[in-house]
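K.L.:
My questions concern the predicted model and sequence given below.
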Amino acid sequence: MPDARSVVITGMGALCAVGRTPDEMLAALGDGRSGLGPIRGWDASAWPTRVAAEIPDLDLRKLVKDRKLLKLIRRTDVFGLNAAAQALDASGLIEWRDALPADAMPAVNDRIGLYVGSGGSLCEDQYDYFPLISESDNQLSAFGEQLSATVNPMWLLRSLPNNVLCHVGILHGLKGANACITNHGVSGMLAIFEATEGLRTGEADRAVAVGHDAPIAPQNVLYYHRMGLFSRDALRPFDAARNGSLFGEGAGALVLETRAAASERGAPVVGEVLGGGYASEATGLAAIRDDGDGVERAIRAALDDAGLAPNDVGMVVAHGNGTRASDASEAAAFARVFGSSMPPVTGFKWSFGHLLAAAGAVEVVVALRALHAGVVPGIATLDTLDPACAGLTVSRAAKRPRSDVGLVISRGFGGTTAALLVRAQR
Amino acid sequence: MQRRRVAITGIGMVTPVGNDVASTWDALLAGRSGGAPIAQFDASGFSTRIAAEVKDFDLRAVLDDRKLVKYANRSHGFALAAAEQAIVDAGIRPTAETATRWALCVGTGMIGVPYEELEEVHDHCVRDGEFDPKRLLDDASANDPMVFCRSQAAAGLALLGRRYDIRGYATSVHTACASGGQAVGTALKVIRRGGADFALAGGFDSMINPVGLSGFCLLSAVSPDNDAPTRASRPFDVTRNGFLLGEGSGFLVLEEWESARRRGAHIYAELAGDGNSLSSYRITDSPPDGDGPIQAMQQALADAGMAIEALDYINAHGTSTPMNDRSESAAIKAVFGAHTARIGVSSTKSSMGHLIAAAGAVEAIACALAIDRSEMPVNANLETVDPDCEHLAIVRGTPRRGLIRGALSNSFGFGGSNSCVVFRHPDETDAQLAAGR
């Protein structure tokens, strides 16, 4: 008899460079197709890094129909709103709620939580002040005087890192517990993690978890290059020739409900969150430990939380960001956790790029679609496995998962690692 | 199984009215304002030229780690100083044995790039009013990894984690003005569910720079009372006209109750309950009827297992904007009914100003101190109470003294996130535990 407060997934949505839906993204992985290509957002021909996975043929107005709202939000927020709308549509939650008697609705809305992983602010957000700095001739007194005539009065609101939280709430009337996590590469995963804990502990009965990011901007790309984090050409997780990561953009979202809440409305259950684990390494902003200590602890905590053994895991979606240090330390952690009985390991960033705050949410959604389809997608950019990662069960070719349980890993600045265990409904 | 309880055993603050706990608390009891003309930059052309700035702060004087100081922007400096106070005060810190059992939960501000660096990029890259991205390629600031590291949303988290060797759950949250409250609430939940046994939790922010101030001036959210900076923040007064922008940091050391008692730690208060809601109304406003904040307070009280009869003090969000204070007053009345006449209310923003992402953290500390010292800080600058707020028992003139069994801190953010955190007197907690509750 499953626990009534165990957490099921009743709707999912995602978009990134290789697809506008989770299934399009899974198909791209199957085809060995990468979204990484020359940057088109600005003339990056002279940039030391000229490659990213931008969403092609993008018309923001098609992703968010409300024109007034579109003026109030940033590109990253548009992605988040779109993924959330996909997930909510698939779940039928809003339809179900709207059919309730009017007096029953507020109590339901108060119990729908919203947990968002957001990329926070970019340097580029402040470029809106360039015309004012020019006009005021670098004189702050003039800057202040000409402010209201030059800068969009809504600048601050447009730049809020918690805009997706705000507007998904307003659009759908969700009023429950909430969080906005600005924790770099683990933000999206932590949003799912905190939503799950919220449902388990009774903070909410239903929840939307979203991760969104749009980091492909000129100054930001330059910084990642200077930090030594970027490849010049391609993202090759665990390959001997790997030389760094590359950006992607997009969002992922899930509707989560307690089992009791889902069955109350006869919701379509597509999967289950079995458990999560989290650890940090106290290594500063960008450094990580070589031995994968944080990754190992996060995985063990997730297994413990789910009450599972390493052998129960059917597929691992690694963080696999393509940097020398991160991939090697991750492989070391997998070797210690799984020993000689390692399930098939893969990663998605070679195709999607690194979506930072969106990565965890997007990769959990696609992992669930892959498990559902009974496939572990291969890593098309893998040529020669790095000897430092020997024993790692990655391959170019697709494999079959050895069970319907997936382990997904996200890592971020501050030496943080989050691990999530999910089961797909077959 | 009994639910784990959480003790507050260390506190630290850097605020516009004092660079430590003792001086800040004195100012909050006296209702001394930190408001003054802005000193950090030439604000003479702005519609609002006043703020509550942290004064005479020198990070190098409080922190011996030169390398860490290099990686810190202004708000990180406040955070490192406040966290150091809290860790020293608690008398406990992560060790090789306990590092993975420590959590770090911080509410972090939204502006990472100092104005000087924005201006530098502008001067190098804008020609004849046109931004030329190519010029970024040989711009000093745009190629400086240190600038990047300081600007990151996770920068403060990374600095604190490294300084104290915290290796457990670590998160940065941002829900605008509710960030600090949500960070403290998150730490409570993490310890309760067994994800950690200890936590360093707090918030830090500094938006007193040309871009930050601009954002609030453009929204007419800040008080324009440039000639009376110490009177500009007057929550619940009928003449209130906006908030006073502050800056600073607050940090708390939290511990699982039994282990704090075992080691004989001084416990300021139990961190007893957390409530969160979304207003889903408008991006900057609270609904006039208090919908949203009402649910947050009710959830926090229920989460704490505290009856409204046992609550004695409310540290209000009380920003001094016309909208917030009216909405919050309505919400308090809706939640506490007849008890509203009994429960002391004050907004310490009347003295400190609004510390934005740090506000919820310093105000949580104000609640813990109020319980610990049996005195409620005053709501400064209140002359004529807004008729809409008359039902509140606002603490005016002098601190209200007497046992505080329960206290509550509200933080409501742009974007509609409402955070409420509830605190209990340690004697009450011990009595409940002795009674097997």
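P.N.:
Yep, that arrived. Residues are numbered from 1 along each chain as shown, chains lettered A, B, ... in the order given.

K.L.:
Name the residue of the stretch 51-200 of chain B that lies nearest to chain A.
P.N.:
B:A153 (3.2 Å; C-beta to the nearest C-beta). Using the backbone N, CA and C atoms, a C-beta is placed for each residue, glycine as well.

K.L.:
and that residue, what element?
P.N.:
Per DSSP states H and E, B:A153 falls between elements, in no helix or strand.

K.L.:
where do the helices sit along the stretch 301-437 of chain B?
P.N.:
Along the stretch 301-437 of chain B, counting by DSSP state H, counting those that start in this stretch, helices occupy B:322-336, B:349-352, B:359-373, B:426-434.

K.L.:
For the first one, list every residue counted as buried.
P.N.:
Using 16 or more other C-beta atoms under 10 Å in any protein chain shown as the burial criterion, the residues of helix B:322-336 that qualify are B:324-336.

K.L.:
quick revisit: wait, doesn't the residue of the stretch 51-200 of chain B closest to chain A sit right on A:I181?
P.N.:
No: using C-beta atoms under 8 Å, B:A153 is not in contact with A:I181; the gap is 9.6 Å.

K.L.:
More neighbours: which of those two?
P.N.:
More crowded of B:A153 and A:I181, by other C-beta atoms under 10 Å in any protein chain shown: A:I181, with 31 against 27.

K.L.:
Just give the nearest non-adjacent residue to the residue of the stretch 51-200 of chain B closest to chain A, would you?
P.N.:
In this structure, B:A153 finds its nearest non-sequential neighbour in A:G120, 3.2 Å apart by C-beta to C-beta, 6 or more residues apart in numbering or on different chains.

K.L.:
Next up, the contacts around that neighbour.
P.N.:
Each residue near A:G120 by C-beta atoms under 8 Å, 6 or more residues apart in numbering or on different chains is listed here: A:P161, A:T182, A:A357, B:T108, B:M110, B:G112, B:Q152, B:A153, B:S172, B:H174.

K.L.:
One more pass at 6 Å, please.
P.N.:
Applying C-beta atoms under 6 Å, 6 or more residues apart in numbering or on different chains, we find A:G120 in contact with A:P161, A:T182, B:A153.

K.L.:
I'd like to know how many residues surround B:G181.
P.N.:
With other C-beta under 10 Å as criterion, B:G181 counts 35.

K.L.:
Kindly report the same for B:V69.
P.N.:
Other residues near B:V69 number 16, with proximity taken as other C-beta under 10 Å.

K.L.:
and if you look at the one 3 residues further on?
P.N.:
Each residue near B:A72 was counted by other C-beta under 10 Å, and the total is 21.

K.L.:
Same question for A:E135.
P.N.:
A:E135: 14 neighbours (other C-beta under 10 Å).

K.L.:
repeat for the one 10 residues further on
P.N.:
Under the neighbour criterion other C-beta under 10 Å, A:E145 is assigned a count of 16.

K.L.:
what sits against the closest residue to B:G415 other than its chain neighbours?
P.N.:
Residue nearest to B:G415 in three dimensions, not counting chain neighbours: A:C166, with 3.6 Å by C-beta to C-beta, 6+ apart. A:C166 makes contacts with B:I283, B:G415, B:G416, as judged by C-beta under 6 Å, 6+ apart.

K.L.:
From these, pick the one nearest A:K65.
P.N.:
B:I283 (18.4 Å; C-beta to C-beta).

K.L.:
Could you check how far that closest one is from chain A?
P.N.:
5 Å (C-beta to the nearest C-beta, to the nearest Å).

K.L.:
where does that residue land on pLDDT?
P.N.:
pLDDT, B:I283: 79.
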